[in-house]
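Visitor: how does the following fold in three dimensions:
(chains A and B)
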Amino acid sequence: METPQQTVMERVKEGIAPPPTAEAPAACTFEVRDLSIWYDKKRAIEGVTMNIATNAVTAIIGPSGCGKSTFLRALNRMHELTPKTRMEGTVLLNGNDLYSSAVDPAIVRRRVGMIFQKSNPFPTMSIGENVVIGLRLNGVHNQKFLNERLEKSLRMAALWDEVKDDLHKPGTSLSGGQQQRLCIARALAVEPEVVLMDEPCSALDPIATAKIEELIYELKAKYTIVTVTHNMQQAGRISDYTAFFYIGRLIEFGPTTKIFTNPTEKQTEDYITGRFG
Amino acid sequence: MHFERTNNHTWRKIKNALAVGTAFGSAILVILPLGLVFCYLLINGIGSVNWDFFTKLPAPVGAVGGGMANAIVGTLILLGLAGIVGIPIGVLGGVYLAEYGSGQVNSVLRFLADVLNGIPSITWGVVVYGLIVLRFKGFSAYAGGLALALIMIPLILRTTEEVILLVPNGYREASLALGVSRWKTIVHIVMKTASKGIITGILLALARVGGETAPLLFTAFGNRFWNHNLSQPIAALPLQVFTYAISPYDDWHRQAWAGALVLVTGVFCVNILVRIVTRGNTA
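Guide: Here you go, the predicted structure:
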């Protein structure tokens, strides 16, 4: 059986993945300090401190209910949509406090895009309209600019060649994997600095998953990517850094090769080797 | 093994046939009155539905002919006035209930809207009579339109709320994650996704109040002539049918049948329109 360790090591050997360095990242996009989040009275995240590297893929793994989605959503303030949430601590995006009272959550989300588990192209819009809707609703109406951005975003999402003649067709007419790449193009069109992905492949078949993984790998040249995944092989394949969450706490965080081959914590090892979770 | 107990099997078959038969009979009983009413209207009314009916004013008592042109236009004007007031309030209220507000306040509002939906329509007529007609000392199209609007508001509010709640949360999140504001998300994404349902609710509410007579009795009041002044009494098709049907003249009775037929056909057409609107592939 193929183990995640082999997968990572193979990639490194074949020169596909750069060997992640053991020391802390030099440039970091997010600095999270002592982050705790409550849903009503239930604490979902407890005292998480971590730096998220720029132009790298950071994977968040952990068993269901460990708070990994909550943590991800806290990075662009999406968790605030749930009523009765409370947070403590700070999240800095390139040095700016995301939670300062002067900051509009809409601005945060323009800088930090998000891809969801279930692909969700807007059903009333065509493929083309779906891609540029973020710009349009943020007040951009220059058709030439929109058309340029449309093509650029679809190319970046590796979807252009498949849909360039069908831009007027409904976004929901695409296959599941294409819909997810359309959602990625839609998120990229507003030119965010970071792309958050909440289990982006869990509803897709293996071939569509492979395409999205490849895409994630390419996107990190331009974007900082944070992805939540249930699939440890996937974390091994695509990520440079891995964070292991358990019951709301960050148990271990480091370069993916280290987490998968030589974890410091017993819990991390148990989870990765499939002893629980 | 009890396969040989065919008696039991036969009895089950009979019970099944009885149940299916009763259900089928009940379904027929529901549809039958509609068919009968429509046939009866057709038989009695079709003879008087002619060009004159749609283009001429009511004829004086004793004179043969005449039409209900003013009442048809009057009903359309009243529906227009009711729509101007009722549609925005109903839709915005539904949006509020579905998207904003706290759970407890919303459940109170929802309950009140359901109570309002159950209020007999003549009550609205009385309310508007007290509020508008007495204050401005006269029956008017405005008063009639307002009475109809008050009936429409809770209807539209509840259907709008329901169809907006049907919009999957994923679309809201996708839009908000693009940095789109809450309000723009609601208008451009949520309401657009639910637009067919909202339009259906509006059309059904218009069809419902278009046939209302009671709330117009002492608001719009009715008028035998053309009225271009909305602060004056105005004719309405259901009112005209009511007036003609209780009159002692055979000719007016025939006109009342024709009016009722036109009214039912109108409501029927709106329902077909709703079918066409909701036929597409998106929600």
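Visitor: so what's the residue count around whatever residue of chain A ends up closest to chain B?
Guide: When scored by C-beta to the nearest C-beta, chain A has residue A:110 as its residue closest to chain B, at 2.9 Å. Every C-beta, even on glycine, is put in place using the N, C-alpha and C of the backbone. Other residues within reach of residue A:110, judged by other C-beta atoms under 10 Å in any protein chain shown, total 20.
Visitor: any regions of the chain where pLDDT drops low?
Guide: Defaulting to chain A. Chain A contains residues with pLDDT under 70 at A:1-26, A:277.
Visitor: to clarify, I was referring to chain B.
Guide: B:1-7, B:280-283.
Visitor: residue contacts, the residue of it found nearest chain A?
Guide: Closest to chain A within chain B is residue B:179: 2.9 Å, counting by C-beta to the nearest C-beta. Applying C-beta atoms under 8 Å, 6 or more residues apart in numbering or on different chains, we find residue B:179 in contact with A:106-111, A:134, A:138, A:190.
Visitor: how about it, phi and psi?
Guide: Main-chain dihedrals, residue B:179, degrees, to the nearest 10: phi 80, psi 20.
Visitor: for the stretch 1-150 of chain A, just list every one of the strands.
Guide: Along the stretch 1-150 of chain A, counting by DSSP state E, counting those that start in this stretch, strands occupy A:28-39, A:42-53, A:57-61, A:85-93, A:96-97, A:112-115.
Visitor: what is the nearest of the contacts of residue B:179 to residue B:27?
Guide: Closest approach between these and residue B:27, by C-beta to C-beta: residue A:134, at 49.3 Å.
Visitor: correct me, but that closest one touches residue B:180?
Guide: Yes: look at residue A:134 against residue B:180 with C-beta atoms under 8 Å: they come within range, at 6.5 Å.
Visitor: so what's the residue of chain A closest to chain B closest to, chain neighbours aside?
Guide: residue B:179 (2.9 Å; C-beta to C-beta, 6 or more residues apart in numbering or on different chains).
Visitor: the spatially most central residue of chain B sits in which helix or strand?
Guide: By C-alpha atoms, centre = their mean, chain B has its centre lying nearest to residue B:208, at 1.5 Å. In this assignment (DSSP states H and E), residue B:208 forms part of helix B:195-210.
Visitor: next up, phi/psi of residue A:245, please.
Guide: Main-chain torsions, residue A:245, degrees, to the nearest 10: phi -110, psi 140.
Visitor: which residues touch it?
Guide: A:48, A:60-62, A:66-68, A:71, A:251.
Visitor: and residue B:257, how far from residue B:217?
Guide: Distance from residue B:257 to residue B:217, counting by C-beta to C-beta, to the nearest Å: 21 Å.
Visitor: try residue A:179
Guide: 56 Å.
Visitor: swap in residue B:274?
Guide: For residue B:274, the distance to residue B:217 - C-beta to C-beta - is 28 Å.
Visitor: comparing the two, which residue is more hemmed in?
Guide: Neighbours per residue (other C-beta under 10 Å) separate residue B:274 from residue B:217, with residue B:217 holding more: 22 against 18.
Visitor: now that one. Its backbone dihedrals?
Guide: Dihedral pair for residue B:217: phi -60, psi -50, per degrees, to the nearest 10.
Visitor: where does residue A:244 land in three-state SS?
Guide: Look at residue A:244: counting by DSSP: H, G, I helix; E, B strand; the rest coil, its state is strand.
Visitor: would you confirm that it contacts residue A:266?
Guide: No: using C-beta under 8 Å, residue A:244 is not in contact with residue A:266; the gap is 11.5 Å.
Visitor: which of the two has more neighbours?
Guide: residue A:244 (28 against 10).
Visitor: residue contacts, the more buried one?
Guide: A:61-62, A:250-253, A:259, A:263, A:265, A:267-268, A:271-272.
Visitor: repeat the analysis, applying 7 Å as the threshold.
Guide: By C-beta atoms under 7 Å, 6 or more residues apart in numbering or on different chains, residue A:244 lies in contact with A:61-62, A:251-252, A:259, A:268, A:271.
Visitor: so which of the residues you listed is the closest to residue B:161?
Guide: Looking across those and measuring by C-beta to C-beta, the closest to residue B:161 is residue A:62, at 37.9 Å.
Visitor: quick one: contacts for that closest one?
Guide: Contact partners of residue A:62, counting by C-beta under 7 Å, 6+ apart, are A:68, A:244-246.
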